[in-house]
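S.K.: Give me coordinates for this.
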Amino acid sequence: MSTDEEKREIERLKWRLDFAQKRFARFIEILESTLDESTLRDVIERLGRECSKTVTAIQEYKDNPEGFFAGVLKGWGEEAEFDREGGVIRIVTSERECVCPLVNSQLTPECICDCSLGWQKQTYETMLGRPVAVELKESALRGSKRCVFEVRLT
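M.R.: Numbering: from 1, shown residues only. You can find the predicted model right below:
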């Protein structure tokens, strides 16, 4: 592929990403204005759970969250602490925008953070083989420079 062709392809891909982000933001706005809060949270959390299911590495760390923290999370620029006695995992991302390629922080409603809650729930329930509760302590979409999650074994 020539340099000109590469430039055109990059521009085409940028256009497609921008289009997808705008369409996704509008879709979330429509859901937010149409659904009651409880249903909206459930739908968006389920979206995050489905996203988690696509990360095959999670299966490799069943009953080994420390291995997950050391490998996968480090590779993503995230830190995690696991207080086994207290049953609490704290995940802290690096300073960044939302990691989801569909999210444009200038356009996407903050309710999309429930997607991350679903991702965390599915991930740690799969890994630990038991239910967890997840709380979002900080969010890049809600004014912080990073995201912080607290996962509690239930």
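S.K.: quick one, what contacts residue 113?
M.R.: 136, 139, 141, 142, 147 (Cβ atoms under 8 Å, 6 or more residues apart in numbering). For the C-beta atoms, the positions are set from N, CA and C on the backbone; glycine is no exception.
S.K.: Can you check what pLDDT the model gives the spatially most central residue of the chain?
M.R.: Nearest to the geometric centre of the chain sits residue 116, at 3.6 Å (Cα atoms, centre = their mean). Listed pLDDT for residue 116 reads 96.
S.K.: The one 10 residues further on too?
M.R.: Residue 126 carries a pLDDT score of 95 in this model.
S.K.: Confirm that it sits in a strand.
M.R.: No - counting by DSSP: H, G, I helix; E, B strand; the rest coil, residue 126 is not part of a strand but helix.
S.K.: can you count the residues close to the closest residue to it other than its chain neighbours?
M.R.: Distances taken as Cβ to Cβ, 6 or more residues apart in numbering place residue 58 nearest to residue 126, at 5.5 Å, with adjacent residues excluded. Residue crowding around residue 58 was assessed by other Cβ atoms under 10 Å; the count is 17.
S.K.: can you give me the strands in this structure?
M.R.: Taking DSSP state E, the strands of the chain run over residues 78-83, 88-93, 132-138, 148-153.
S.K.: ok, residue 149 - contacts?
M.R.: Shown in contact with residue 149 (Cβ under 8 Å, 6+ apart): 90, 91, 116, 117, 120, 134, 135, 136, 137.
S.K.: how about a cut-off of 10 Å?
M.R.: 78, 80, 89-93, 113, 116-117, 119-121, 124, 134-139 (Cβ atoms under 10 Å, 6 or more residues apart in numbering).
S.K.: Just the buried residues of the residues you listed.
M.R.: Buried residues within these, counting neighbours by 16 or more other Cβ atoms under 10 Å: 78, 80, 89, 91-93, 113, 116-117, 119-121, 124, 134, 136, 139.
S.K.: which of these lies closest to residue 30?
M.R.: Of all the buried ones among the contacts of residue 149, residue 30 sits closest to residue 113, with 17.6 Å by Cβ to Cβ.
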